[in-house]
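# Structure for this input, please:
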Amino acid sequence: MADAFLSFALRKLGDFLSQQVSLLTSLRDEITWLRNELLFIQPFLKDAELKQCADHRVVQWVFEINSIANDAVAILETYSFEAGKRASYLKACACICRKEKKFYNVAKEIKSLKKRIMDISRKRETYGITNINSNAGEGPSNQVATLRRTTSYVDDHDYIFVGFQDVVQNLLAELLKAEPRRSVLSIYGMGGLGKTTLARKLYTSPNIASSFPTRSWICVSQEYNTMDLFRNIIKSIQGRTKETLDLLERMTEGDLEIYLRDLLKEHKYLVVVDDVWQREAWESLKRAFPDSKNGSRVIITTRKEDVAERADNRGFVHKLRFLSQEESWDLFRRKLLDVQAMVPEMESLAKDMVEKCRGLPLAIVVLSGLLSHKKGLNEWQKVEDHLWKNIKEDKFIEISNILSLSYNDLSTALKQCFLYFGIFPEDQVLEADNIIRLWMAEGFIIPRGEERMEDVAEGFLNELIRRSLVQVAKTLWEKVTHCRVHDLLRDLAIQKALEVNFFDFYDPRKHSISSLCIRHVIHSQGERYLSLDLSNLKLRSIVFSDPDFRNMSLMNFSSVFQHLYVLYLDMCVVSIIPDAIGSLYHLKLLRLRGIHDVPSSIGNLKNLQTLVVDEGGYSCELPHETADLINLRHLVASYLKPLKRISKLTSLEVLKGVRCDQWKDVDPVDLVNLRELSMDRITKSYSLNNISSLKNLSSLRLFCEFDESFSSLEFLSSCQKLQKLLLQGRIEKLPLFPNSITMMVLWKSKLMEDPMPTLGMLPNLRDLILEEAYNGEEIMCSDNSFRQLEFLHLYHLSNLERWHLDTSAMPLIKRLAIGRCSKMKEIPERMKYVEEKLNAVDLYNHMQGFN
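Numbering: from 1, shown residues only. Here you go, the predicted structure:
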């Protein structure tokens, strides 16, 4: 991992030398020497990382390199920041020639780094650290790009339930039995057995969804706050309106308990309380779950047997078993990337390793993911040797050994990306786009040639998924939209991150945080964190996930945070953003939650790549100066006033949240890089014809207001690179669609004419979703139509009775999902083997992904 810090520093040093052409000669020489020395040290890091476990002195040596690399970057950024305040580089360099104090200190600091590097070199020889010339595992491989396009995901709900179908049915029967008393079903077992996945399987079951009108899911974990747990349940039931949020923030713990109890007592409910570690946690919650004798249920998952046994004297306790040897092998094969390449010798070796996993699903899938990236018998033998070297005969592999080995096998870039998952709260479902944008802002993603950073980052995420280090939570249009990490893998990420000072969490009990880390994470008591002396730190990232934080005026933007690349504020409500935020010259990502007004000083952030403003379902005010953000690639915000100069944002690739009445005056001809556009509140009175000027548009989502109709959609025929299209709103007549479309959603279209003849002629259409899209009684799919269609989803076609399907139509169909088509008498015979029945929860969850 140390190479990640060093590589980043070397890139920064190289960029600095090429950009700062007017540097004083002596200062240029010092920086060049610094870069050359770090380049010389870089090949020795591989050997050092292998020796860290055996020699704590080597650990310190690697740590010192990290520190030097971080300090070098901070010194250069200090120079750039100060020089940027002056009218020109020439004036800034003149200041250096006059040896003004700030710039004279830059040279002095670099000389100090020289002394530290010379000391590092002496210690390297003393510790016997050698140069390992190996590029194994380094840099983004071609496979990463391939995975972005071809990854086929195994549903996490299925892979972990090899052999557990009977368990699911038994537990469903227990939840649905005719017992009026509110009861608790407890599931317990060691980490990695699949407790949470089992609970999720029950929670999303169609029978459960129809039997329990009120449902909620909360995660407790080791460090919990009872008030937050109460709030989360209430918000999941009532929604996240501003009135509800304001009300909940004013309540005491006792008030919240009474409020939740009153909310639940009139309903038949199911609440999942996931990952309970202490009996005290359940005791503090259970009083809020009333017994109205209506058959309500609570599911608890825990690793602790005593927590499960004592949750309810008359409850049902299920101990999750390990997989059998046969089930373990079946699971391993399901997750293996290329089963066909496994020759008999490799199969024998794999079976031996799988047997040593003792039926633990997480260990098996991570082992499979690791071996999937090893080619040939020799590579597999090396994996076994690594796993076996610390265990005796007839012993089992510790899961920590498999997880660590899989982590160590990652390239430097992938290690950084994996460690970043440790920043977020346990069991949190994360937006893939959010993760990708953070990786980009942190400098982890380095494209090659004409590759887009977003595509490279998506490839990295897919590779972590294929290695089973990251789990898929939700997909849409053949793309992962939400993901999560298992808590054992999150623990690993945190452990490895702390070892190399990748990030640190603020600990309010000790009122401390590492001054050596360039990334700080605050999950609670953010205002106390800001009272620390942070003045000498060279922070690059601040991540606030503190729901109680309010006062941003406490943030000293002008000094403490001046080196920030990432400012990520995920909170409930913040009063105001100070104008001083405009001084964060290096900022690449700004995430604001709970903000209504964004100050005009934001226009100073010329390096900003991503701006996300989430006001909890309400629109925000973006200043006109937002259009001055010349490097902005992603703008995700539902904003009120038009940005009349938005066409200046020529680097913009993603625009989400724009309203139709703001778009009507935009001339998008200069938005040459815009690939993804999402527009809402569309009415028939506004023309959308200027969208045809977006020549590189590949994804378009258009949402009509309430029950409105689209105006003419004929402009779509000019969008020759459009691949993904969602239209929500009434359509009087289908337009001519471009042949490039591969995925389409028609939602609430209420067409009177059968859409299938038109849609069936699209030569590249693979995924089609129709929800409330057609009011007719029959659909016709003629011969040679839908030649590439693989997935067809029919929802809420309330009048549909007949489906005519000719012999050669839909030859490649893989999945047919039908829901709420109550009048449909029969589906075509050859479609019966691919049909899936959907319930209301499936429909809701699926369609949520489009918003």
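# residues of stretch 256-275 that come out buried?
256-257, 259-260, 263-264, 267-275 (16 or more other CB atoms under 10 Å). Any C-beta I mention is one placed from the backbone N, CA and C, and that applies to glycine too.
# My error: substitute stretch 824-834 in the last question.
Neighbour-count burial for stretch 824-834, counted by 16+ other CB under 10 Å, picks out 824, 827, 831, 834.
# And the residues you listed, which is the shakiest by pLDDT?
Among the buried residues of stretch 824-834, residue 834 has the lowest pLDDT, at 77.
# what residues are up against it?
Shown in contact with residue 834 (CB atoms under 8 Å, 6 or more residues apart in numbering): 813, 814, 815, 816.
# ok, which pair from those is furthest apart?
The widest separation within the contacts of residue 834, taken as CB to CB, falls between 814 and 816 and amounts to 8.6 Å.
# Which one of the two is surrounded by more residues?
Taking other CB atoms under 10 Å, residue 814 and residue 816 do not tie; residue 816 has more neighbours (18 against 11).
# May I have the beta-bridge partners of the more buried one?
residue 792, residue 835 (DSSP bridges).
# any idea how far it lies from residue 834?
Distance of residue 816 to residue 834, given as CB to CB, to the nearest Å: 5 Å.
# residue contacts, the nearest residue to residue 659 once chain neighbours are set aside?
Of all residues not flanking residue 659 in the chain, residue 681 sits nearest, at 4.6 Å (CB to CB, 6 or more residues apart in numbering). By CB under 8 Å, 6+ apart, the contact set of residue 681 is 659, 660, 661, 703, 704, 705.
# Would you list the strands that the helix or strand that residue 681 is a member of pairs with, along with their directions?
According to DSSP states H and E, residue 681 maps onto strand 676-682. Its sheet considered, strand 676-682 pairs with strand 654-659 (parallel), strand 699-704 (parallel) by DSSP bridges.
# Which of these sits closest to residue 478?
strand 699-704 (12.1 Å).
# ok, residues contacting the helix or strand just after the closest one?
Moving toward the C-terminus from strand 699-704, the next helix or strand (DSSP H and E) is strand 724-728. Residues outside strand 724-728 that contact it (CB under 8 Å, 6+ apart) are 477, 698-704, 710, 713, 716, 737, 741-749, 850.
# so how far is strand 724-728 off the chain centroid?
In terms of CA atoms, centre = their mean, to the nearest Å, the centre of strand 724-728 is found 23 Å from the chain centre.
# could you point out which element follows it?
Once the chain leaves strand 724-728, the next helix or strand it forms, by DSSP H and E, is strand 743-747.
# now what about that following strand, what contacts it?
Residues outside strand 743-747 that contact it (CB under 8 Å, 6+ apart) are 477-478, 723-729, 731, 737, 755, 759, 762, 765-773, 847, 850.
# quick one, helices of the stretch 1-150 of the chain?
In the stretch 1-150 of the chain, the helices defined using DSSP state H, counting those that start in this stretch lie at 2-19, 25-41, 45-51, 56-84, 89-97, 101-127, 142-150.
# The second one packs against which elements?
With contacts defined as 3 or more CB pairs under 8 Å, 6 or more residues apart in numbering; DSSP states H and E, helix 25-41 has these neighbours: helix 2-19, helix 56-84, helix 101-127.
# what angle do it and helix 2-19 make?
Angle, helix 25-41 to helix 2-19, by axes from the mean of the first three to the mean of the last three CA atoms, to 10 degrees: 150 degrees.
# and helix 25-41, which residues are buried?
Neighbour-count burial for helix 25-41, counted by 16+ other CB under 10 Å, picks out 27, 30, 31, 34, 35, 37, 38, 41.
# how about the helices and strands packed on helix 25-41, which one is nearest residue 628?
With CB to CB as the criterion, residue 628 lies closest to helix 56-84 of those, at 14.9 Å.
# and that closest one, what does it pack onto?
If contacts are counted by 3+ CB pairs under 8 Å, 6+ apart, helix 56-84 sits against helix 2-19, helix 25-41, helix 45-51, helix 89-97, helix 101-127.
# JSON lines please, covering those and showing distance to residue 314 and mean pLDDT.
Below are the helices and strands packed on helix 56-84 laid out as JSON lines (distance: least, CB to CB, whole Å; pLDDT from 0 to 100):
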{"stretch": "helix 2-19", "distance to residue 314": "54", "mean pLDDT": "75"}
{"stretch": "helix 25-41", "distance to residue 314": "65", "mean pLDDT": "82"}
{"stretch": "helix 45-51", "distance to residue 314": "54", "mean pLDDT": "68"}
{"stretch": "helix 89-97", "distance to residue 314": "76", "mean pLDDT": "44"}
{"stretch": "helix 101-127", "distance to residue 314": "63", "mean pLDDT": "74"}
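# Name the nearest of the buried residues of stretch 256-275 relative to residue 583.
Nearest to residue 583 among these: residue 256, at 39.1 Å, using CB to CB.
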